[in-house]
Structures are given as structure tokens and as C-alpha cells.
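Student: structure here, sequence nowhere to be found:
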């Protein structure tokens, strides 16, 4: 069997021809590390047209072709979608899509590795190709007859696909900035830093709030929005400062836009939950054009729902999608932020067919919009389905979910997951109990509480596994450290959370935060309470932060700080401390081994404190005795 590779394919590609759909051979496949990130690896190919060869990078979406053996050394492939971009004073081919014609074949010809300076221009290559085509036109019939006389097993020429025609570029529908020379539209999944001109057509699925920041380089503003294209690819787009002024009022959730002339940078996974290693940054030359959406080819939203039972094992601050039946909605309550600004908070409960329920905390405008609608439905005896896009996991007192700026809520949505959940709830779920993963309480509440004694913390090696242990202990406070019971904290907000970094005096009347690089007249005071607790089996040291510290002391950290350090009333301060000793509480503890210097130590943190309900405790003890007697 013989195979004819496309003549002069390599020079043509390097010269700029990206429409030929040539047939080439893979001479080598190499896994190479990214120079900027050793953890990220890419596949590099050596492609040949039987005379010349040149290196090419494989797009991420094609990695499985190599891993499954569809593309390997000797493979004959047809390049369907590709570009050639300059990189460090040389040109490199980036293969975006290809088809394997023959998976394994002997090396064809004697190709030599060429450098860019050895290659003819595009025009020279094209003229040479046309000349050869004209000089041989008289021989086409004879050549075809000779080829037809050979048996297919002896002579094989793969069929070449017609050139790819990109979809039309839409214009004249609300252009923010006219695009004089439209770039080729490519899927979001094919974006990579090796490309030159590119354009993506995608729908805005989420738009973040406009945020202001202050750092060593000065003040600024930023906002981001998320995109979804017709192939299911997602990516985040971020704008800073002057670019914010151009695009913030233009971008609308649900609309489709053509975006080009942006730069690609690695995604910051601490703030970006999308499954894409890149993030688009718009610049002064970037273009954003509104597109018609009559064919509705791009989905309105893309979900990756997690069962509520899975959330129990999800890391704190993870971003995920969840869907459930709303079984209860609490009234919206005003919350005063530490910076003096007031916001709203509303807590509701979700359950699903996994047998678990979870608390969902809505903040800000979510409370008045979707939150109020949900409360009216529940009060009317309706249990609505709620889909949560991009909720944030919190592990305070169990696991819960909270809204963030990019969260979206969908009430009674029309898609299969919602329909299946409604059918389950109507037939089974409304009469079945669910265990909450958000709160662990003593008997009389949910049954997923883990009760332990202090001696069991050490005896059972709690906190020494990969994940923290959560336990509840009934214990008495026997000692409280008073030298460092609280600290002065930064009251400024960073996004949707308070900075809380320790601040220091700047002069006699002002405080300074090194993280925010700002000064202010009033700081916050937050508990960092270290106490010794004991039960009938032993004693241990625990650390209680703000909310838990207030439950224990029944005073704010600021009041005690001023009493001790400003008023210097040691007698009154000492009386308050003594009044909290030998008080018994139900302590919800988080136990995790952490590294201090070169030494591993088990850290015990109080995440919740409750007064002892002796009727419930008596029932717990009776149940424990009964269980012991049955053994």
C-alpha cells in the first residue's frame, strides 16, 4: 500500500496557508513540560510532508488521541483545523483538529527538519503549486487510468475533506467596537497562548459585581463574566480599570457576544471555578460584539450537579452546582458588616433523593428577589425545586452552601434533573426524613452527630488523617488565657468577605493594614480565645474565634479589649473572666493536624458553642446506658 502525502504541505503551513487540509505524517510524539509551569505538560509532534518536517503543538482537546494510540509515531493524519503562530523568534504549528487516516505506517520519504529561514514565502509556494498543476494537466487522464488499474490493497490514496468554512461573523447588531478584519471563530476549548488572531462566539452565563481594590500599585476596579459556547466550553473573561468602563454596562447575562483581541493567561483557581486552565483578559484593543441568537445553538446554562450527600466530603470554599427541593425558608434579616455597611441574609433548607439536606445562605439582593419568592411559595404549601449555579461550600458547623457574586438561582427550572427530583419528591420525598449535613446537634435533633470524650481525641488519633474530624463534646471551661484573648483586625471588605488581617497602630489615632495598604480610624476587635476544657476523662486546649468566643464570654471582644487596655480596669476584667470558668457547654470541635515550624501538632478549634440542654442530655445518657446494657 502506498500513501501520497500533500506536497509542500509544511512550507505552505509555515507560510500562512491554513485552509489546505493537508495529509501529513507524524514522525515523533513527545510529552514536554510547560516552561512556566512544570506541572502542566503538552504533546509536541513532528509533522512531515515526506520532504520537509516541522514541530507542532497539540491542542488540549486532542490529548486523548495520543493517550489512546490513535495518534502515534508513523500515523498518517489529515489536518482539519490548525494555525501557525510565532513563538520566541520562530514559528510553530498548533493543531486544533485532525483525523487519523492510517494509525500506523512506515516512514514516508526522507524528510529533513526545516527552519523558518529555509522556507519560501506563501506566494512562492502557491505559484510553484499552480505551475506544477498546469504542467501536468494533460497527464491527469492517463494518471487516473493507471491508478484505477491497481488493486486497492496495493495502492491507497485517502480522501481529503473539503476546506473548513468558518461560520459567518455577525455584524451590525449593537457592536461595541467595529471589527475591521474578523478573526476566525474557534471553540473555547481550542483557545491557547500560541494563537494569534482568534474570536469566540459565546453566551454570558454569569456576570460578577463591579469591585474596587487597593494594592501597592494603587486603586483600581475589576469585573468578570463567564462564557459558554455551543460546544460546551466555558471560560472566564476579566476586565480592569479603563476596560471596565467600556464593557461593564454592555455585558448582559443571557446574551451572545463575539469577542476577539483578548489575551490569555493562566486561570487563578482560587477565584475561578470553571474547568478551563486559561482566562481571557480584555484590553484596550479588544472587541465585543452583540450577536443574534435566533437559532439558540448555545445553551442558556451548563450545570454539573452534585448530590447533597457528596457535599459532606467537599473541601471548604469549593464552588459547585446543587439542585434540591426547598423545604423551609427563614425570614430575611439585616446583618451589619464590620465596615458599617448593612446587608441582608436569608437561610433556607434544601433536600434531595440522596437522603441528605443542606442549609443554603442567601446574601444581599438574593434575599429580596428569589428569597422572597421562595418564602411565599413555601408559605403557600408549595415546595419548589431550586437549582443553584456556583454556590460556595462552607464548613462552619458542618457543611453549608452560600451565595457569591456569580451565583445564579433557578426556581422550578425546566430540565431533566428538576423533573426527576419533582417526581421523587411527590412520590416519596415529601414523607421521608433527611439528615442535615449542616448542623450536628444532640438527641432531639438530627442523628449524624459524633459524640466523643476528650480522652478519645488522643486515643483514637483524631485529626491525623487527610481530612479534619468533627466531634461534639460536653465539657467545662477550666482556664482562659487573658494576655492574648483577642486581636485588632482590619474592617475592610475584600470582595464578599472581611479582610480580618491583624492591624497595627499608625500614629496615635489611626490603624494600618499591611495587606490592604490602607489606614483608618476605627479597627475591628476579634476573639482569638485560648481556653482549657475538661470532662470526666481528661483535659485539652482549644482555640475559639469570633462567634464562638462571643458565645463563651457573653461580651464582645471590643468591650473586653477596651476594659483591659483602654480603661485598665483589671478588677472588672478579672471578674468577667472568673464568671466564665467552670461553666459547662456543648462544644462543636474541628480537629486537624497542622505543621508548626518543623513539628506536626493537632489543632483543636471551637466552631460552635451551645448551652447544655439538660433534658436532651439526660435522654442522651439514658440512650447510651440502654445501648451499653444490650451489648
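Tutor: Sure, I can see it. Predicted model, so just to flag it, every value in this text is computed and none were measured.
Student: for the most centrally placed residue in the chain, give its distance to residue 6.
Tutor: The structure's the chain has its C-alpha centroid closest to residue 273; by Cα atoms, centre = their mean the separation is 0.9 Å. For residue 273, the distance to residue 6 equals 43 Å [Cβ to Cβ, to the nearest Å]. The way it works is simple: take the backbone N, C-alpha and C, and place the C-beta from them, glycine included.
Student: for residue 54, give me phi and psi.
Tutor: Main-chain dihedrals, residue 54, degrees, to the nearest 10: phi -160, psi 150.
Student: let's have the chain start at 32 instead
Tutor: All right, first residue 32 from here; so that's residue 85.
Student: low pLDDT regions in the stretch 282-431 of the chain?
Tutor: 301, 324-326, 367-372, 427-428 (pLDDT under 70).
Student: who touches the residue nearest to residue 396 when sequence neighbours are not counted in this structure?
Tutor: Leaving aside its chain neighbours, residue 396 sits nearest to residue 375 (7.9 Å; criterion: Cβ to Cβ, 6 or more residues apart in numbering). By Cβ atoms under 8 Å, 6 or more residues apart in numbering, the contact set of residue 375 is 363-366, 394-396, 398-399.
Student: and the two most separated of the residues you listed?
Tutor: Pairwise distances across the contacts of residue 375 peak at 14.8 Å for 364 and 396 (criterion: Cβ to Cβ).
Student: can you tell me how far the closest residue to the residue nearest to the centre of the chain other than its chain neighbours is from residue 437?
Tutor: Of all residues not flanking residue 304 in the chain, residue 350 sits nearest, at 3.5 Å (Cβ to Cβ, 6+ apart). Remark: distance between residue 350 and residue 437 (Cβ to Cβ) = 8 Å.
Student: can you list the domain ranges for this structure.
Tutor: 40-180, 219-321, 339-467, 485-516+559-652 (automatic domain parsing).
Student: in JSON lines: the ones you listed, plus distance to residue 330.
Tutor: Converted to JSON lines, the domains of the chain look like this (distance: least, Cβ to Cβ, whole Å):
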{"stretch": "domain 40-180", "distance to residue 330": "18"}
{"stretch": "domain 219-321", "distance to residue 330": "6"}
{"stretch": "domain 339-467", "distance to residue 330": "10"}
{"stretch": "domain 485-516+559-652", "distance to residue 330": "35"}
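Student: among the ones you listed, which is nearest residue 543?
Tutor: Residue 543 lies closest, by Cβ to Cβ, to one member of the domains of the chain: domain 219-321, at 12.6 Å.
Student: what touches both of residue 350 and residue 437?
Tutor: residue 421.
Student: neighbour count for those two, which is higher?
Tutor: residue 437 (23 against 18; other Cβ atoms under 10 Å).
Student: buried residues in stretch 317-324, which are they?
Tutor: Under the neighbour-count criterion of 16 or more other Cβ atoms under 10 Å, stretch 317-324 has 317-322, 324 buried.
Student: helix or strand next in line after the helix or strand of the chain with the lowest mean pLDDT, which one?
Tutor: Here the helix or strand of the chain ranked lowest by mean pLDDT, DSSP states H and E is helix 171-180, holding a mean of 36. Next helix or strand after helix 171-180 toward the C-terminus (DSSP states H and E): strand 230-238.
Student: contacts for the next helix-or-strand element following that next one, please.
Tutor: Sequence-wise, the next helix or strand downstream of strand 230-238 (DSSP H and E) is strand 242-246. Identification of contacts with strand 242-246 by Cβ under 8 Å, 6+ apart yields 250-254, 525-526, 547-549.
Student: from the residues you listed, which would you call buried?
Tutor: The neighbour-count test (16+ other Cβ under 10 Å) marks 252-254, 547, 549 as buried among these.
Student: and the two most separated of those residues?
Tutor: Within the buried ones among the contacts of strand 242-246, 254 and 549 form the most distant pair, 21.3 Å apart (Cβ to Cβ).
Student: would you confirm that residue 247 contacts residue 548?
Tutor: Yes: counting by Cβ atoms under 8 Å, residue 548 is a contact partner of residue 247 at 6.0 Å.
Student: related to what we said a few turns ago, residue 364 and residue 396: who's more crowded?
Tutor: A direct count of neighbours by other Cβ under 10 Å for residue 364 and residue 396 places residue 396 higher, at 13 against 10.
Student: got the phi and psi for that one?
Tutor: According to degrees, to the nearest 10, residue 396 has phi -70, psi -20.
Student: now swap in the one 5 residues further on and tell me
Tutor: Comment: the main-chain dihedrals of residue 401 come out as phi -60, psi -40, following degrees, to the nearest 10.
Student: okay, now it: neighbour count?
Tutor: If you count neighbours by other Cβ under 10 Å, residue 401 ends up with 22.
Student: show me the contacts for it.
Tutor: Going by Cβ under 8 Å, 6+ apart, residue 401 touches 393, 417, 440, 442.
Student: distance of it from residue 440?
Tutor: 4 Å.
Student: can you check residue 112 too?
Tutor: From residue 112 to residue 440 the distance is 38 Å (Cβ to Cβ).
Student: state the mean pLDDT of the longest helix along the chain.
Tutor: With secondary structure taken from DSSP state H, the chain has its longest helix at helix 645-661. Averaging pLDDT along helix 645-661 gives 75.
Student: quick one: buried residues of that helix?
Tutor: 648, 651.
Student: residue 558 reaches residue 517, doesn't it?
Tutor: Yes: between residue 558 and residue 517 there is a contact at 5.1 Å, judged by Cβ under 8 Å.
Student: got any residues that touch both of those two?
Tutor: With Cβ under 8 Å, 6+ apart, residue 558 and residue 517 have common neighbours 580, 588.
Student: rewinding a little: shared neighbours of residue 401 and residue 440, anything?
Tutor: Shared contacts of residue 401 and residue 440 (Cβ under 8 Å, 6+ apart): 393, 417.
Student: which of the contacts of residue 375 fall in helices?
Tutor: 396, 398-399.
Student: between those, which sits nearest residue 458?
Tutor: residue 398 (31.9 Å).
Student: for that closest one, give me its contacts.
Tutor: 363, 375-377.
Student: which of the residues you listed has the most neighbours?
Tutor: Busiest of the contacts of residue 398 [other Cβ under 10 Å] is residue 377, holding 23 neighbours.
Student: can you check the pLDDT for residue 504?
Tutor: Model confidence at residue 504 (pLDDT) stands at 92.
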